[in-house]
Structure formats: C-alpha cells, structure tokens
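Undergrad: below are the sequence and a predicted model; questions follow.
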Protein chains: 4
Amino acid sequence: MYSEIKQKVFEANLKLPEYGLVTFTWGNVSEIDREKNIIAIKPSGVEYKQLKVDDIVVLDLDGNIVEGKLNPSSDTKTHLELYKAFSDIGGIVHTHSRHATIWAQAGLDIPALGTTHADYFYGNIPCTRPLTPAEIEQDYEKNTGLVIVEEFARRGVDPQAVPSAVISGHAPFCWGKDASDAVHNAVVLEEVAFMALGTRSLNSGIVIQKELSDKHYYRKHGSDAYYGQK
Amino acid sequence: MYSEIKQKVFEANLKLPEYGLVTFTWGNVSEIDREKNIIAIKPSGVEYKQLKVDDIVVLDLDGNIVEGKLNPSSDTKTHLELYKAFSDIGGIVHTHSRHATIWAQAGLDIPALGTTHADYFYGNIPCTRPLTPAEIEQDYEKNTGLVIVEEFARRGVDPQAVPSAVISGHAPFCWGKDASDAVHNAVVLEEVAFMALGTRSLNSGIVIQKELSDKHYYRKHGSDAYYGQK
Amino acid sequence: MYSEIKQKVFEANLKLPEYGLVTFTWGNVSEIDREKNIIAIKPSGVEYKQLKVDDIVVLDLDGNIVEGKLNPSSDTKTHLELYKAFSDIGGIVHTHSRHATIWAQAGLDIPALGTTHADYFYGNIPCTRPLTPAEIEQDYEKNTGLVIVEEFARRGVDPQAVPSAVISGHAPFCWGKDASDAVHNAVVLEEVAFMALGTRSLNSGIVIQKELSDKHYYRKHGSDAYYGQK
Amino acid sequence: MYSEIKQKVFEANLKLPEYGLVTFTWGNVSEIDREKNIIAIKPSGVEYKQLKVDDIVVLDLDGNIVEGKLNPSSDTKTHLELYKAFSDIGGIVHTHSRHATIWAQAGLDIPALGTTHADYFYGNIPCTRPLTPAEIEQDYEKNTGLVIVEEFARRGVDPQAVPSAVISGHAPFCWGKDASDAVHNAVVLEEVAFMALGTRSLNSGIVIQKELSDKHYYRKHGSDAYYGQK
C-alpha cells in the first residue's frame, strides 16, 4: 500500500552517503503523504549499506507505526512537528554534515554571503535558541522540532523561502517539496556553510547586498523566475 | 553547421564536474566563433549527467538563438559582454568553485602570493565593485559582464594576462583562448584561491616579489618563454 | 590457534586506510583475548596493501611473542598498558589521523562542542600532559600508555565513557569493545576533531550545554538508551 | 643504456598524481646515477597521463642532454645544484602540493610540531630567503638550488636529516635516497604541512619538545632505530 513513498524515501536516504553528507548512520530522510496522513522515514541506527526498501517505517502523524518492523529514526518526532507546522513542505532531511554542523556548534546563523546562498535561501539560515534543560529532559526530539518552528515564527521567516535551520549545539535540518528536494537542499546547505566559513576567515563583517540577494532568489523562484527550462 | 563548436563546448562543460568545480548545475562554459559571429553555450539548469551535445545552444552576439531548442544559460549576457569587450578571448567559464567563490563573497581580490599564481596570472585577480541597485534591477547579467570590463579598464589590466575575475558577492568568471583553455584556467584559479586562503591565515601581509612574479609569468608566456616543449 | 583474533585484527587494520585515517604505515589496531591473556596486533612498518593475516603478531601481556614471525608494532607497549589499566576495553587503535593529530599537536583537549561528540564521548577528549625527558628517554612507549591512564585517573574520567585520548605532541589513541569498535570510534574522533577545529575558528568560547550532552550520550548508552534497534 | 633509471624515474613521476600532489604538469621527479654521472628527469610541460618511459630525459651534470628528444623540466638546474651540493641524496621531487606551498607562500619554515614531523624531519623544514632581483633575473633555476644549499649551510642543517625545503614565494623541493624515496618524503611533507597549518590556527606558539622529537627521529633513523622490520 505504501510501496511508492517507501521507494522514494529509500532512494533519498541513499543519496546522503553518495553526496558525502553522512558518516555511519548519522542522518535520515522522510517524506509525507498529506492525503493519507502518513510519513515514511528511515529506521533508527541502520547502516546505509544494509538499508532495504522494506526497512522504511510508515507512521501516522501521532507517531504510531502503520507499516514496518523496525523502530523509526529517533528523530521522528522532530520531523512530525515540522510537517505539522510547515504545511507546504513534503520532505525532511537531518544530517550531521560537517560544515553546517560547525555553524550549529558555534551557535550561529549561517549568514547570507553570496549568490549561491541567495539562489536557494532568502536570508540567513537561522540557528535556533538553546533548548531549556526542561525541554531537553522531556520530549527532547519533539521540542527540537518546536524550537525550529518557534524561531521561524519569531523572525517571521517563511520556511519555504529558507528551507533549513541549524539546531544550536547539534546539526542541521533541511526540508523541501519532497524527500528528493530536501536532499538537494541539504547538499546546497553544506556547500554554503563551507563557503561562509572560509569567507568569515577573510572578512568578518561582510554580508551580501540585499538587492543582489533578491535578484538571485527571484531569478530562480516565483512567477518571474527565468533560470532553467520551462 | 555548428557541430564542431557544439562538441567542443559540450566536452569543456563536462570537464567542470570532472575537476570538482561544480555542484548540480552551477556552472557553464561557452566558446565563440569570431568568423561566424556566434557563441555556443550550455543550456540553463540542465544537469551535467543528462547533458547531450545537441543541448548546446548557439546564439548570435545579440543573444538570439541560432540553433538549439533549450534556453541558454541564464548567464549568457555576461558571456556576450566579455566576448565583445575582450576581443582576444575565445572561451569563457563560470563556476561557483568553492575557494574562488570565498574570495568573491569576501569582496576581495585574490592576491598574487606565489609562483603558481604568477605562472598563469600577471598580478592580482580583480574583485569587481558591487553593482548598484539599478544595475542589479535592470539587465543584471549584462551589467555583471560590464562591471568586469570596467574593472579591467580602470586598473589597466590586460584580460589576456589575468584571465579571471571574481564578482563581488557572487563567484568567478574565467576565460581563455578557447573553451578548453578557459576550463584549464578555472582549475588553476580554484587552486590559487585555495592556497591564498591558507597563506592569509598564516601571514596577513605578504605578497609575491614583483621580480619573482615577472620571472614565472614570462617563463611561460611571450616570446622568451622556455617552459614546456616547442 | 589464534586464527580468529588474527582475522579480526587483520580486517580492522584494513579499515584504517579505507576510512582515510592513515598514510603509509602510520597506524595500528590490536585486540585482546582476556581469557587467553594474549593480544593480536599489526606488525611494525608493514604497508597495508601488503599486510596478510599471518603477519598479525600474537603476544602475551608481558610483550613476548606467542605467534608470528614479524616484529609487533613499535607502539605495542602503549597498547599493553591500556589493556592492563582499562579492564573493560577489548580493542585499541592508534593513528595519526589529520584533525585529531592537530589537537594533539596543539596540546589541547578536543572540546565537547556538539551532539555528534556527545553521542560517543561523555565530555572533552583529554590531551595528556607532556612526558618528562626521563619518561621519553626510558620506556617511551610504555610511558605513553601510562600517561593516558594517569590523565583519566586524575580527571576521574571513565575510559568507557570517553574512548579516546590525544597524546600531547603526538596523535590519538582510541579504544572500544573490540578492534572493530575501536576503529569505529577512531572514525568518529576524526570527525569531531574536524568539526571542533572549524567551530573554534567561528566561536572561541562556546561549549555544549551539559544537559544536551547528557541527553545525547544517554540516548545511545546505558539502560535507558533508545537509539537504534533492540 | 639508461633504461633502468628512466623506468624508475617514470614510475616515481606517476606517483605524484596518484598521491594528489600535482595539478596538471606542476611537478617533476629526478634520480641521479652517481657512477655514470647522469640524472634522469621528467620532460617539461608533458601531461602525466601522456608521459611515456622514453620521454624521460637523461642529462650529464652540466645539463647537456645525453639521451631523449624532449626538453627536460625547466627546473632541471635546481635539481643539478642540489645533487652537486648534497652528495648523499639520490632523488629529488618538486611539486606545488597545496599545503607545503601555503607555507612557502607565507615565507615561513614548516615548524616541527609533532611526532609525525619528527619521524621524518629532524627540526623545522627551512624556508629559504627571498632571491635577490639579480638572482631571479640571471640563472633563476640554478639560484633556486643554490639558495636551498646556502640555507642549509647557514643553519648547519644536514640535508639527510631534513630532506625538504620550501622556497620563499614558490613551493617545496624534497629529496631522498632515490626517486621513490623522495616521493615518499613529498607525501609526508604535504601531510605535516597540512597539520601544522591547523595546529597554528589553534595554538600560535607551541613547538614539539626537543626530547620527543629526538626520540621519534631516532626511533626510525640511525643505528638504534627499532621501528619496522630488520
């Protein structure tokens, strides 16, 4: 019954090691079917080399397993909160990709410093506030999702315009139209995180011009976009 | 009619992922035929793995499509301005290669710090001035070409002696005798950008001796060159 | 008689070049059989490409060769001291992996800066004190083991909770349940060393929240762990 | 007549791209036959992929071609000066390997910061003084060799104990018992240059203890060496 979404999530998960975004089992991809109200997600702690399509776990939006014999990713509740709050997203990726994680560990936004960033992210990629001890102690993974949602709401940032966040002291989450698109954004995130780190080592104050950022973002997004083929 | 130049541009484009200079579709190579007054260039937004020779777009120097069914690179007008102003160049490459882009994002010239640089570039690789909001709003890609031309004119730099520039807040453009030579220079640019970044982290003030730079440049260029085979 | 442990140690050694942790012969893996009171270890100075199962050297805990024709790793006495003092470990790895070695050369602990670290290491990864000239002159390799043991004792750190140390001016040692697990930890160590270096370049003072570190460590370790499959 | 040395030099040259030490044609390896008083060296500007054994050029110690149809490396005179002054060396490598070149461009010695360094290099790897304009203008490549020799003499450094130098503003030269050994040292040089750069970013003042450096150097060199197999 869920073979199509499981296949898509399986393939998207395998792209993570292919793009060099994960070590061991440190990542997971999910996708949502908003008509059936289910998500499909990688099982917890399974090596990518051994992952099979039927290992993908299908859950309802309360986190109950609908299909699958394995435990879902331990980060499942973070995914669920993001799907609930960000109603237009269809896929989510979590990795510990090296350079995005460096920004998360530093507790800093990934600043918008160039057009590579602006082509995909409209403004800084937010770093969340630290969780409180109580939020860590109780329902940690759910609260990790909520703190992302809170940060975007507080700043008035549209999650479709900035499809990533870095979690303070932890690592990035990315999202997109579907699982495959979310992986695409995870690759871009790592690339812009790399280049922002190098840029800051040369110039601690520079940011991209607002007009240049707008130009590149809208060259690729919205009704006036003219990048690519129709 | 244009099969030869399309083949050359096709092959030069494929070298970009081979040399690790592009992620996804973030790059394009073109070549000009100055007798026929046409350029051949990569189509916009097409993945390198799926690129076919016949996808290469042929345009006249006003940007009208002469042959090809796809939209040309969104950066086509930048290429056209460079071909018009720099009459001795035959090929152009645009990438977001990581270390050259770091210098672009920092808004800084890539300084001439060693003989690797001097072997290919006679002096600093210029970073352009920021575009004005008006230049960004109207004819952005054309103005990106014009600001490179302006910067070389203002500094009195010969584009054949310094076959690259970094665009403030954006990324590099490189050129050369033909498409293949421009790709060669794009590889060198990334290499010298990498080493300049590391050098600056150790020594913030050093520059290469003028005499050493001259020696290496003229060992490889001009009538007294003695590097390589005749 | 020792074919099983030799096979395991052989395979674990071959993982070092596979994971990019060694150059030439700069690394070694051992495993202990605590019932038979022997260890198996890589021979000294043998290239990984030429290493055969029967090259693995078996020694008793006084360092006498029990089986094998080659000299054991010159670091054997360090391994022996660690096995004697840390009674719950089963495998040891020594490499000069690049980023962990950078922290060793800097004479600094690898600080706990994120959850990737906390998933595997409960607190900072200790850098040992410098050896005294006398300790270097006499029984150097044995003293290298003893200084690790001393550092963990002095700080009250459980070697199972922090399965790595960096040796001041030298490089890391890692350990684990067996040879394969120790190699796994060596990969993680290099990864967290890489990310800590980048994090420090952005933020010289930050450390991970104690509660977040606890949460991640105990999500993966101990009776309340819920990461992975049962 | 020179087929054996040409084969050795051919194979040693091919190791440079294999180890990632060269881009395009930016490197060369030579070996000397001290009985026949000839050297064999890579031809100038020939791509490694197209290099054939018979392209290797054989020259006498005055630089006259004894066998071969191509121009020898443009750096040949540097090699010749090193062979003349350092009578115990048998092979020489020149590359622009990235991290060693960063130290050359910074005009700094590669400092001895750890045992990886000490295993191969007894003390700092010298950076030469800048050449004078006159030395650059006239007999540049010969003077590059002479300035290395001068630096080692001035400091009283034994070229066998420190088989590398970085040329101010340029790149490294390495040497060894033969061509293959020189390439081995070029790999190590790049590795220690990488780690020294990272170490300096964490700790600007640290150097390795003299006693630890001695211990590691003499563990591998001289009559009391005990690393490896007999």
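TA: Yes, it's here. Numbering: from 1, shown residues only, chains lettered A, B, ... in the order given.
Undergrad: can you tell me the helix or strand for the residue nearest the centre of chain A?
TA: Geometric centre of chain A, nearest residue: A:Cys174, 1.1 Å, by Cα atoms, centre = their mean. Using DSSP states H and E, A:Cys174 sits within strand A:172-176.
Undergrad: which other helices and strands contact that strand?
TA: helix A:76-85, strand A:91-95, helix A:98-106, strand A:164-166, helix A:179-202 (3 or more Cβ pairs under 8 Å, 6 or more residues apart in numbering or on different chains; DSSP states H and E). From N, CA and C alone the C-beta is placed, and that goes for glycine too.
Undergrad: now that strand and strand A:91-95, what's the angle there?
TA: 160 degrees (axes from the mean of the first three to the mean of the last three Cα atoms, to 10 degrees).
Undergrad: what's the angle from strand A:172-176 to helix A:76-85?
TA: Using the same axes, to 10 degrees: strand A:172-176 against helix A:76-85 is 40 degrees.
Undergrad: how far does strand A:172-176 sit from the chain's center?
TA: 1 Å (Cα atoms, centre = their mean, to the nearest Å).
Undergrad: quick check: mean pLDDT of that strand?
TA: Averaging pLDDT along strand A:172-176 yields 98.
Undergrad: the inter-axis angle of it versus helix A:98-106?
TA: Going by the same axes, to 10 degrees, strand A:172-176 makes 120 degrees with helix A:98-106.
Undergrad: how about the helices in chain A?
TA: A:3-18, A:76-85, A:98-106, A:115-118, A:133-137, A:140-155, A:179-202, A:210-220 (DSSP state H).
Undergrad: if we can go back for a sec, so what touches the strand holding A:Cys174?
TA: By Cβ atoms under 8 Å, 6 or more residues apart in numbering or on different chains, the surrounding residues in contact with strand A:172-176 are A:78, A:82, A:86, A:89-95, A:97, A:100-101, A:104, A:148, A:159, A:163-167, A:182-186, A:189, A:193.
Undergrad: what does stretch A:212-227 give?
TA: A:112, A:115, A:117-123, A:161, A:228, B:44-45, B:71, B:74, B:130-131, B:136-137, B:140, B:169-170.
Undergrad: residues from chain A in reach of chain B?
TA: A:113-116, A:184, A:187-188, A:191, A:194-196, A:198-199, A:201-203, A:206, A:208-209, A:211-212, A:214-215, A:219, A:226-230 (Cβ under 8 Å from any Cβ of the partner chain).
Undergrad: run the last query once more with 7 Å
TA: Residues of chain A lying near chain B by Cβ under 7 Å from any Cβ of the partner chain: A:113-116, A:187, A:191, A:194-195, A:198-199, A:201-203, A:206, A:208-209, A:211-212, A:215, A:219, A:226-229.
Undergrad: A:Glu211: neighbouring residues, count only.
TA: 17 (other Cβ atoms under 10 Å in any protein chain shown).
Undergrad: and the residue of chain A found nearest chain B, what does it touch?
TA: Closest to chain B within chain A is A:Gly228: 2.8 Å, counting by Cβ to the nearest Cβ. A:Gly228 makes contact with B:44-45 under the criterion Cβ atoms under 7 Å, 6 or more residues apart in numbering or on different chains.
Undergrad: redo that, cut-off 8 Å
TA: Taking Cβ under 8 Å, 6+ apart, one finds A:220, B:25, B:44-45, B:71, B:74 in contact with A:Gly228.
Undergrad: pLDDT and neighbour count for those - can I get that in TSV?
TA: Listed next are these as TSV, based on pLDDT from 0 to 100; neighbours: other Cβ atoms under 10 Å in any protein chain shown:
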residue	pLDDT	neighbour count
A:Lys220	94	15
B:Thr25	93	18
B:Ser44	96	19
B:Gly45	94	15
B:Asn71	97	18
B:Ser74	96	18
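Undergrad: D:Leu21: which of those residues is nearest?
TA: B:Thr25 (31.1 Å; Cβ to Cβ).
Undergrad: so what does that closest one have for phi and psi?
TA: Backbone torsions of B:Thr25, given as degrees, to the nearest 10, read phi -110, psi 20.
Undergrad: how about A:Arg155, nearest residue that isn't a chain neighbour?
TA: A:Pro126 (6.3 Å; Cβ to Cβ, 6 or more residues apart in numbering or on different chains).
Undergrad: neighbours of the one you found, how many?
TA: 19.
Undergrad: report the contact partners of the residue of chain A found nearest chain D.
TA: Relative to chain D, the nearest point of chain A is A:Ser201 (9.1 Å; Cβ to the nearest Cβ). A:Ser201 sits next to B:197, B:200-201, C:201 when contact means Cβ under 8 Å, 6+ apart.
Undergrad: so which two of the residues you listed are the farthest from each other?
TA: Between any two of the contacts of A:Ser201 (Cβ to Cβ), the greatest distance is 13.1 Å, for B:Arg200 and C:Ser201.
Undergrad: grab the nearest non-local neighbour of A:Trp175.
TA: A:Ile89 (4.3 Å).
Undergrad: list phi and psi for the one you found.
TA: phi -90, psi 150.
Undergrad: quick check: it touching A:Ala179?
TA: No: using Cβ atoms under 8 Å, A:Ile89 makes no contact with A:Ala179, being 10.6 Å away.
Undergrad: compare the two (neighbour count), which wins?
TA: Counted by other Cβ under 10 Å, A:Ile89 and A:Ala179 do not tie: A:Ala179 has more neighbours, with 27 against 22.
Undergrad: which residues touch that one?
TA: So A:Ala179 contacts A:8-9, A:11-12, A:29-31, A:90-93 (Cβ under 8 Å, 6+ apart).
Undergrad: tell me the helices and strands packed up against the biggest strand by length in chain A.
TA: Looking across chain A with DSSP state E, the single longest strand is strand A:27-33. Other elements packing on strand A:27-33 under the criterion 3+ Cβ pairs under 8 Å, 6+ apart are helix A:3-18, strand A:38-41, helix A:76-85, strand A:91-95, helix A:179-202.
Undergrad: narrow the contacts of stretch A:212-227 to those that are buried.
TA: Neighbour-count burial (16 or more other Cβ atoms under 10 Å in any protein chain shown) applied to the contacts of stretch A:212-227 gives A:112, A:115, A:117-123, B:44, B:71, B:74, B:130-131, B:136, B:140, B:169-170.
Undergrad: near chain D, from the residues you listed?
TA: Okay, of the buried ones among the contacts of stretch A:212-227, nothing touches chain D (Cβ under 8 Å from any Cβ).
Undergrad: tell me which of the residues you listed fall in strands.
TA: Counting by DSSP E, those contribute nothing to strands.
Undergrad: gap between the residue in chain A positioned nearest to chain C and A:Ala171?
TA: The nearest approach of chain A to chain C comes at A:Gly45, 2.8 Å away (Cβ to the nearest Cβ). A:Gly45 sits 16 Å away from A:Ala171, going by Cβ to Cβ, to the nearest Å.
Undergrad: please apply the same query to A:Ile125.
TA: 13 Å.
Undergrad: also A:Asp224?
TA: If you go by Cβ to Cβ, the gap between A:Asp224 and A:Ala171 works out to 35 Å.
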